[in-house]
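In: The sequence isn't on hand, but the structure is:
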């Protein structure tokens, strides 16, 4: 499953308060100002509306604080029935101009910023002391990244040496001819560059009890449509070519020959883009799954010596021709084999080394970072402003030693209350699950047999909350991060090599159901179709998504909708193809499959009608996530209603002037408040499986009868068109 949101790791920073005293002073000032703002409403502790009984207000510090944040984010001048995103987020957008150097800024970014600040404080603490060698290496790695003087002194030398070691590059000097397979194995194996195609070891979709080698089409630096040569994309392709040439020159290339050879590489990438399978076709895992042997793969794509290649990439495993391999891009592999056979060896070598260069360039000196900044400005409209080095290094440390870093984060922010939080979050998930299952009884398009199987699958979904237990075991953690040195570039290479060995080691072992794909500080969540599990890292288990002392309406509207979103992925376009045990197999009756597909067409057409700066959303590309957004909101709202029925109506927030049902929808919407450059918004429409934040709010709420009821939106208004699309 695609995660709830793809979040970059180089966001702008804010400092956390450094002492309890400062926090208490600020809290006192905030409380005083809020009391003054709320006036007699707060004094009375009640709110009277004509014809209504008095309503009790929540007067705790937590309620005052969150009420103030909600009021500031609102735009009261906007009509919630005309544009609920503007109503919920207009104030937030005014108060959050896009930071310099950022192409987008959102609630997710803000929370990640807070997490980064916590980690910075931990890693830069001069009294840093830990019994865990892995935790000490986390600081060691971070400081090697911060050591810009050493990085500047080395300049381009580390990457030039690596290129020479790999056999050379005609762009920067001599190269060894007729070594196609040797270079392909080297850049794909220990350095994980993987040109042409990708190789990984993962759970066999049709046998969730075993791992298998999987081969797929390779990713491109730009999305395929950016290579199509139309006028709108000329700026992008020119910026990419300029970037390629600049890197070549920084690595020692001659200007004229570098320009011509980089143009050839770009033309070759364009050819690859033309044979790359579209995102729409990639969605149907049942259709694109092909399990064959290495011997059969050799006949299918003879340009590569597959046994030799896979034996190196998955070293030290002992492979033979009968080893099973799962293909996800059979036609692509045939075509790329033909392309390799008819392409000049010098161009193939240039393309492979270019892939290697891109893996190493981010660990070099400031000149290379400046080159990347210029490209990002063209792609995303980012105004030139260097990201603070410490934030870049926190992101790098999270990428490479994320679970050791996660151990520090958890101990500082989560560990003392971990059992209680895990219990509370687990309880909420069960409430969402129950609401989702109850809704299945009212779905008329699903046959009884499939409905019962769907309930069984929902019951089988297991939760992973906060962090994996092994990160609190120093010995187990130390055994993982043995490869950290004092050279930042070498650490990057060591990490790639380490990742390759870990991947190979999985092949002869059963899948680990408790393996995490996100680190504990991550502000995100995800669903695992092969394991039928949902994961909520510690990083997202904080305000505005969740806070123990916030009103339940906000928690259900925040983390509750996230829970419903991830749970629904088990029943989306791709997720529904996997059974309760994580196996890819038909488990629905044909009549329900057809009905499901018919229901999704409504949602495709609905989201196709939404535009950003004149460009339409791709309703098919975003369908999986739109289904999860809509059903997730419905399940969370119904779960909140069930909670109220059992526990009674909770007190309302002061001065917000919203019922708790309305607060649920406002809390949900404010999670998605964001700003971004026009270029970034356009690129999101081209590449993102999620709808833009504005329409994750508007699209979802316009399909909700409960929303229209509580905000009294008349039929025919933009937020209540009278034509709703629902799947679950």
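Out: In hand now; what should we look at? Everything numeric in this text was worked out from a predicted model, so none of it was measured.
In: residue ranges of the strands in the protein, please?
Out: 46-47, 55-56, 104-106, 197-204, 207-217, 290-293, 324-327, 462-466, 526-528, 533-537, 611-612, 615-616, 674-676 (DSSP state E).
In: where does the stretch 251-400 of the chain dip in pLDDT?
Out: Residue ranges of the stretch 251-400 of the chain with pLDDT under 70: 279-283, 384-385.
In: Which among the strands of the chain is found nearest to residue 569?
Out: Closest to residue 569 of the strands of the chain is strand 526-528 (C-beta to C-beta; 3.8 Å). Every C-beta, even on glycine, is put in place using the N, C-alpha and C of the backbone.
In: how about the strands of the chain, which one is nearest residue 187?
Out: Closest approach to residue 187 among those is made by strand 197-204 (12.1 Å; C-beta to C-beta).
In: Give me the buried positions along that closest one.
Out: Within strand 197-204, the residues that qualify as buried by neighbour count (16 or more other C-beta atoms under 10 Å) are 197, 198, 199, 200, 201, 203, 204.
In: what angle sits between that strand and strand 207-217?
Out: 170 degrees (axes from the mean of the first three to the mean of the last three C-alpha atoms, to 10 degrees).
In: hmm, who's touching strand 197-204?
Out: Strand 197-204 is contacted by residues 188, 210-219, 291, 310, 313-314, 326, 329, 332-333, 336, 503-504, 506-507, 511, 530-531, 582 when judged by C-beta atoms under 8 Å, 6 or more residues apart in numbering.
In: can you rerun that using 6 Å?
Out: 210-216, 218, 313, 503, 506-507, 511, 530 (C-beta atoms under 6 Å, 6 or more residues apart in numbering).
In: chain center to stretch 601-620, what's the gap?
Out: Centroid separation for stretch 601-620 versus its chain: 22 Å, with C-alpha atoms, centre = their mean, to the nearest Å.
In: mean confidence for it?
Out: For stretch 601-620, mean pLDDT is 95.
In: Just the terminal-to-terminal distance for that stretch.
Out: End-to-end distance of stretch 601-620 (C-alpha to C-alpha, to the nearest Å): 9 Å.
In: Quick check: buried residues in that stretch?
Out: 602, 603, 604, 606, 607, 610, 612, 617, 618, 619, 620.
In: Over to stretch 285-292?
Out: Here stretch 285-292 shows 285, 288, 289, 290, 292 as buried, counting by 16+ other C-beta under 10 Å.
In: want to throw the residues you listed into TSV with distance to residue 301?
Out: Listed next are the buried residues of stretch 285-292 as TSV, based on distance: C-beta to C-beta, whole Å:
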residue	distance to residue 301
285	21
288	16
289	17
290	12
292	11
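In: from these, which is closest to residue 379?
Out: Using C-beta to C-beta, the buried residues of stretch 285-292 come closest to residue 379 at residue 288, 28.7 Å.
In: Against residue 227, how distant is the closest one?
Out: 22 Å (C-beta to C-beta, to the nearest Å).
In: just residue 329 next, same as before
Out: In terms of C-beta to C-beta, residue 329 sits 17 Å off from residue 227.
In: hang on, the earlier thing: next, give me the two most distant ones among the buried residues of strand 197-204.
Out: Every pair of the buried residues of strand 197-204 checked by C-beta to C-beta; the farthest is 197 and 203, at 19.4 Å.
In: Throw the buried residues of stretch 601-620 into TSV and include distance to residue 397, thanks.
Out: Converted to TSV, those look like this (distance: C-beta to C-beta, whole Å):
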residue	distance to residue 397
602	45
603	40
604	41
606	42
607	37
610	38
612	34
617	35
618	35
619	38
620	38
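In: which among those residues gets closest to residue 274?
Out: residue 618 (19.3 Å).
In: Most widely separated two among the buried residues of stretch 601-620?
Out: Longest span within these, C-beta to C-beta: 602 and 612, 21.1 Å.
In: Any idea how many residues pack against residue 389?
Out: 15 (other C-beta atoms under 10 Å).
In: From residue 143, how far off is it?
Out: From residue 389 to residue 143 the distance is 11 Å (C-beta to C-beta).
In: Residue 259 too?
Out: Taking C-beta to C-beta, one finds residue 259 at 39 Å from residue 143.
In: what does residue 349 give?
Out: Residue 349 is 37 Å from residue 143, by C-beta to C-beta.
In: Residue 593 now?
Out: Counting by C-beta to C-beta - residue 593 and residue 143 are separated by 55 Å.
In: likewise residue 673?
Out: 35 Å.
In: Of these two, which one has the most company?
Out: Neighbour tally, residue 673 and residue 143, criterion other C-beta under 10 Å: the higher count belongs to residue 673, 25 against 16.
In: Now do the contacts for that one.
Out: 89, 92, 107.
In: contact partners of stretch 562-574?
Out: Counting by C-beta under 6 Å, 6+ apart, 1, 4, 283, 429, 432, 436, 461, 525, 527, 534, 575, 623-624, 627-628, 631-632, 635-636 sit against stretch 562-574.
In: Can you tell me which of these are buried?
Out: If we count by 16+ other C-beta under 10 Å, the contacts of stretch 562-574 have these buried: 1, 4, 283, 429, 432, 436, 461, 525, 527, 534, 575, 623-624, 627-628, 631-632, 635-636.
In: Return the subset of the residues you listed lying in helices.
Out: If you go by DSSP state H, these have 429, 432, 436, 623, 624, 627, 628, 631, 632, 635, 636 in helices.
In: Out of these, give me the two with the largest separation.
Out: Farthest pair in those, by C-beta to C-beta: 429 and 623, 24.4 Å.
In: Next one: the closest residue to residue 147 other than its chain neighbours from residue 126, what distance?
Out: Among residues not flanking residue 147 along the chain, residue 488 sits closest, at 7.0 Å (C-beta to C-beta, 6 or more residues apart in numbering). To residue 126, residue 488 is 21 Å away according to C-beta to C-beta.
In: what about the two, which has more around it?
Out: Taking neighbours as other C-beta under 10 Å, residue 488 and residue 126 compare with residue 488 leading, 23 against 4.
In: Return the distance of that one relative to residue 360.
Out: 11 Å.
In: quick one: which of the buried residues of stretch 285-292 is nearest to residue 253?
Out: For the buried residues of stretch 285-292, the nearest to residue 253 is residue 288 (39.0 Å; C-beta to C-beta).
In: Would you enumerate the residues in contact with residue 394?
Out: Neighbours of residue 394 in contact, by C-beta under 6 Å, 6+ apart: 116, 119.
In: Begin at 16 from now on, thanks
Out: Okay, residue one is now 16; in that scheme the one you just asked about reads as residue 409.
In: so what's the nearest residue to residue 508 once chain neighbours are set aside up against?
Out: In space, and not counting its chain neighbours, residue 508 is closest to residue 206: 6.8 Å by C-beta to C-beta, 6+ apart. Each residue near residue 206 by C-beta under 6 Å, 6+ apart is listed here: 371, 374, 511.
In: what about the residue lying closest to residue 498 once chain neighbours are set aside, how many neighbours?
Out: Counting by C-beta to C-beta, 6+ apart, residue 498 lies nearest to residue 509, which is 4.2 Å off, once chain neighbours are set aside. Per other C-beta under 10 Å, the neighbour tally for residue 509 reads 17.
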